[in-house]
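1. can't give you the sequence, but here's the structure:
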């Protein structure tokens, strides 16, 4: 240490120069380290995505892990860019340290469908070398930057000219154009934007009103609410057609989630129910659809009323309110229960989550006890899911044949193993409770072996209610029971559009523009899977 201090120059200016160099070297090293960390995070994310594409979701934590990796990559990329700029500023003060530049991956070209605007940079009038003015054009270099045009507002004036007859003096005028709401003042694109932001992006009307006011278009909250109510009433016939279509399926997925509801001096907990028709897993040609309902509580009478006229296969969790749906003498016919293996696997997985235990240990927390029985149950159930991934999308007959050959022996061994292990466990044991959940409903859990239409999981319904769970933090609560019912109608239409890879806002804009004068006999033409938009409609919706 003493030798190092003695080696420093005594001159103040030399010391300043050495300090600048040291700071530049430290900034470059810090930028290099940040770049390395960002690259490692990027590669980890790519590996997990490739594994997911190749093997499918190997566990329930896969989606959570991908979200975590993406968030980590976002933070590290941002920090790496900041450190790069800091290193550039530091090295600019000295010539002894090379500037650090990140090696970024090659950027993909911008989509070809985006319009291009050419901005010609003024060319030199004279030669920079000799000053001559005889310049000839050799070509051009183009540098593209992506830009966005801020949302613009405009008022459309519908002009109806009046004419008088020279013979009879009668005044003639074209009829007023149809509007989705009587005496409406908002165009279909504006209405679609308000609806989609409220029910698709979970932005309450008060926040929308604040943003519109800042953009120079003050619209009161009550006025926006009036438009939402009018639009919901206008699309109600479309919801009824969607409802009839979904509930005519051979197989349904069902689920529910809580939704806070504003009450006098408190917030009650209501429920949003979803029923999903999705035939893609067994290669069915019918397009997918979802229908939502609202209720103030979770009483069993609600799903019983929703499915009063339904007969077929119903995939759901073991909620006791569904019990009467499975009774043998039910009218108009029986509903066959198909239990969800993901729900059954979940408690075992919690008791066998090695990765979560490792995280808790790294954070200095007490790790949970890993159950060998739970670990074995997860392994056995995962073998069934591995078979299912290979036959996903194939015909019901093919799926049944593979299940009879490969899955049936595994299921039989699983049952025998669970009954043997269960006899050794006490009633209050957590593993015993997880086993009882399956063994008491074994017929419902094994029904998939004899019917290729049945899925092992109820993920289709859980995906349907996921947006509501994500949006609860934004809109906090429904204002009333009527608000919950209105939300259920709009969720049905928006989620169904997403399931069919249709832009919900563009679809809503076109539907709202046409539904007032659309023949009721051809209402099915407006359903998302039958909707075909033209370029003019796309530009209008945009």
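-> Alright, I've got the coordinates. Predicted, not measured: the structure shown is a model, and the values here were computed from it.
2. give the contact list for residue 431.
-> Residue 431 makes contacts with 348, 351, 371, 373, 374, 377, 421, 425, as judged by CB atoms under 8 Å, 6 or more residues apart in numbering. All C-beta spots, glycine's among them, are computed from the backbone N, C-alpha and C.
3. repeat that with 10 Å
-> 347-348, 351-352, 371-374, 376-377, 418, 421-422, 425 (CB atoms under 10 Å, 6 or more residues apart in numbering).
4. what about the spatially closest residue to it that is not a sequence neighbour, which helix or strand?
-> Excluding the flanking residues, the one nearest residue 431 by CB to CB, 6 or more residues apart in numbering is residue 373, at 4.9 Å. Take DSSP states H and E as the rule and residue 373 turns out to sit in helix 372-391.
5. need the contact partners of the helix or strand just after that helix.
-> Proceeding N to C from helix 372-391, the next assigned helix or strand is helix 396-402, under DSSP H and E. Here helix 396-402 makes contact (CB under 10 Å, 6+ apart) with 250, 279, 281-284, 387-388, 390-395, 407-408, 448-455.
6. of those residues, buried ones?
-> 279, 281-284, 387-388, 391, 394, 407, 448, 451-455 (16 or more other CB atoms under 10 Å).
7. filter the residues you listed down to the ones in helices?
-> Taking DSSP state H as the definition of helices, these contribute 387, 388, 391.
8. the second one touches residue 455, doesn't it?
-> Think residue 388. Yes. Counting by CB atoms under 10 Å, residue 388 does reach residue 455; the two are 7.8 Å apart.
9. which neighbours do those two have in common?
-> Common contact partners of residue 388 and residue 455 (CB under 10 Å, 6+ apart): 281, 341, 399, 448.
10. which one of those residues sits closest to residue 200?
-> Comparing the shared contacts of residue 388 and residue 455 against residue 200 with CB to CB places residue 281 closest, at 25.3 Å.
11. quick one: pLDDT of that closest one?
-> Looking at residue 281, its pLDDT stands at 92.
12. distance of it from residue 410?
-> 19 Å (CB to CB, to the nearest Å).
13. got a pLDDT number for the residue nearest the centre of the chain?
-> In the chain, the centroid-proximal residue (CA atoms, centre = their mean) is residue 467; its distance is 6.7 Å. Here the pLDDT value assigned to residue 467 is 78.
14. confirm it sits in a strand?
-> No. Counting by DSSP: H, G, I helix; E, B strand; the rest coil, residue 467 is not part of a strand but helix.
15. which of the ones in helices among the buried ones among the contacts of helix 396-402 sits closest to residue 153?
-> residue 388 (50.5 Å).
16. contact partners for the closest one?
-> 56, 281, 341, 399, 402, 403, 407, 448, 455, 456, 457.
17. same for the helix or strand hosting residue 40, what does it pack against?
-> Assessed by DSSP H and E, residue 40 sits inside helix 12-55. In terms of contacts (3 or more CB pairs under 10 Å, 6 or more residues apart in numbering; DSSP states H and E), helix 12-55 is packed against helix 61-91, helix 372-391.
18. and stretch 435-452, which residues are buried?
-> 435, 437, 438, 444, 445, 446, 447, 448, 451, 452.
19. actually, stretch 422-437.
-> Residues of stretch 422-437 classed as buried by neighbour count (16+ other CB under 10 Å): 422, 430, 431, 432, 434, 435, 437.
20. of these, which pair is most distant in space?
-> Greatest spacing in these, by CB to CB: 422 and 430 (12.4 Å).
21. ok, back up a step: looking at the buried ones among the contacts of helix 396-402, spot the one nearest residue 329.
-> Once CB to CB is applied, the member of the buried ones among the contacts of helix 396-402 that ends up nearest residue 329 is residue 451, at 22.0 Å.
22. is it correct that that closest one is in contact with residue 337?
-> No. The pair residue 451 and residue 337 does not pass the contact test of CB under 10 Å, sitting 11.9 Å apart.
23. overlap of the contact sets of those two?
-> In contact with both residue 451 and residue 337: residue 313, using CB under 10 Å, 6+ apart.
24. other residues contacting stretch 209-220?
-> Contacts for stretch 209-220 (CB under 10 Å, 6+ apart): 150-153, 155, 185-186, 190, 193-194, 197, 203-205, 208, 221-227.
25. try stretch 112-130
-> Contacts for stretch 112-130 (CB under 10 Å, 6+ apart): 110, 132-135, 137, 140-147, 149.
26. for those, work out which two are farthest apart.
-> Across the contacts of stretch 112-130 (CB to CB), the longest gap, 41.4 Å, separates 132 and 149.
27. wait, which of the buried ones among the contacts of helix 396-402 is closest to residue 523?
-> residue 279 (22.2 Å).
28. ok, now how distant is the closest one from residue 11?
-> Taken as CB to CB, the span from residue 279 to residue 11 is 82 Å.
29. now do residue 310
-> 90 Å.
30. and if you look at residue 133?
-> Relative to residue 11, and taking CB to CB, residue 133 is found at 53 Å.
31. just residue 169 next, same as before
-> 105 Å.
32. more crowded one of those two?
-> Each of residue 169 and residue 11 has its neighbours counted (other CB atoms under 10 Å); residue 11 has more, 10 against 7.
33. and that one, what does it touch?
-> With contact taken as CB under 10 Å, 6+ apart, residue 11 is in contact with 17, 18.
34. tell me what the helix or strand hosting residue 421 is packed against?
-> Here residue 421 sits within helix 408-422, counting by DSSP H and E. With contacts defined as 3+ CB pairs under 10 Å, 6+ apart, helix 408-422 has these neighbours: helix 372-391, helix 430-439, helix 442-446.
35. which of the three states applies to residue 292?
-> Residue 292 is classified as strand under three-state DSSP.
36. doesn't residue 256 belong to a helix?
-> No. Looking at residue 256 with three-state DSSP, it is strand, so not inside a helix.
37. now do the same end-to-end measure for stretch 93-108.
-> Taking CA to CA, to the nearest Å, the first and last residues of stretch 93-108 lie 34 Å apart.
38. pLDDT of that stretch, averaged?
-> pLDDT averaged over stretch 93-108 gives 65.
39. just stretch 288-303 next, same as before
-> 93.
40. next: stretch 513-523.
-> 89.
41. so what's the gap between the helix holding residue 421 and the chain middle?
-> Chain-centre distance of helix 408-422: 37 Å, with CA atoms, centre = their mean, to the nearest Å.
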